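K.L.:
Predicted structure and sequence below. I'll ask about it afterward.
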Amino acid sequence: MAWVSARKSATKLLSAAPALMVLSSANCGSFKFTSVGLCQLDDESFKSIDYPKLGYGSDLYIKNPKVSDLRILYSRWASGSDVWPWIWCHRNANGPHHVFVLSSTDLNTEQAKALLQQIERLAKSSPNNNIVVIVDNESKLASAPGSPGLDWFYKNRCGLVEGRVKLFDADSKILMLDDERVIAFDSCSIASEARSE
């Protein structure tokens with residue numbers, strides 16, 4: 001219930017956020033501007049912007065983030081800042097973080113079967129392996145062709161997460177779901193149907 005309450009608060013906060021914030025050298029001194037607009041945005045640039053005074057309730061708020069923003073969000077979060085989109089799962093010292101993106105409708109493919117075997121091996125090889133499985137629909141996953149059932153995922157210590165991957169930064173090993181949960185990982189494997197949307 002606490003998560004639902006926090007989610008409602010975050011949704012209310014986002015709906016009150018302005019759709020557009022004008023950037024200029026006055027409020028973004030360390031940005032470089034050209035005739036076509038902003039041309040440089042890196043972690044150092046954020047230090048000159050006073051995010052708490054914007055009223056979003058976080059030290060760093062990025063509306064409509066891009067792939068290049070994921071590294072900045074993670075870096076700022078790791079240094080103790082409150083950020084949005086929020087870091088929901090992260091790499092940690094207790095063990096590697098393995099992420100799997102699976103189809104909710106068909107796990108009967110060779111690739112999906114191989115990933116299910118990999119999940120089972122990781123779960124058995126060390127209790128320090130952190131495993132997250134992202135599916136777009138958990139209830140469909142339970143009855144999908146080739147699915148071992150939801151109990152199998154729980155038995156193999158998987159955190160099941162409903163969502164679709166919206167942004168993916170392979171170099172920084174960070175992804176963002178369509179609901180703006182950010183997940184940092186050590187490895188990510190995908191066996192999901194391609195979408196044309």
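P.N.:
Received, thanks.

K.L.:
how does this protein divide up, domain by domain?
P.N.:
As assigned by automatic domain parsing, the chain contains the domains 2-84, 97-191.

K.L.:
If I average pLDDT within each of those domains, which one is lowest?
P.N.:
With a mean of 57, domain 2-84 has the lowest mean pLDDT of those.

K.L.:
Just the terminal-to-terminal distance for stretch 176-192.
P.N.:
End-to-end distance of stretch 176-192: 16 Å, with C-alpha to C-alpha, to the nearest Å as the criterion.

K.L.:
Please enumerate the strands of this protein.
P.N.:
Secondary structure of the chain (DSSP state E): strands at 32-34, 37-40, 60-61, 83-84, 86-89, 97-102, 130-135, 158-162, 165-169, 174-177, 181-184, 187-191.

K.L.:
Please name whichever of those is nearest to residue 111.
P.N.:
strand 187-191 (4.2 Å; C-beta to C-beta). Where you see a C-beta, it was placed from the backbone N, CA and C, and this is true even at glycine.

K.L.:
quick one: strands adjacent to that closest one?
P.N.:
strand 97-102 (parallel) (DSSP bridges).

K.L.:
Quick one: residues contacting residue 97.
P.N.:
Residues near residue 97 by C-beta atoms under 8 Å, 6 or more residues apart in numbering: 89, 90, 91, 130, 132, 184, 185, 186, 187.

K.L.:
Does the fourth one touch residue 96 like I think?
P.N.:
What that stands for is residue 130. Yes - in this structure residue 130 lies within contact range of residue 96 using C-beta atoms under 8 Å: 6.8 Å.

K.L.:
Neighbour count for these two, which is higher?
P.N.:
residue 130 (22 against 15; other C-beta atoms under 10 Å).

K.L.:
any idea how far residue 90 is from the more buried one?
P.N.:
10 Å (C-beta to C-beta, to the nearest Å).

K.L.:
likewise residue 151?
P.N.:
Note on residue 151: its distance to residue 90, by C-beta to C-beta, is 27 Å.

K.L.:
Of these two, which one has the most company?
P.N.:
Set residue 151 next to residue 90 and count neighbours by other C-beta under 10 Å: residue 90 wins out with 15 against 9.

K.L.:
Leaving out chain neighbours, which residue sits closest to that one?
P.N.:
residue 184 (4.5 Å; C-beta to C-beta, 6 or more residues apart in numbering).
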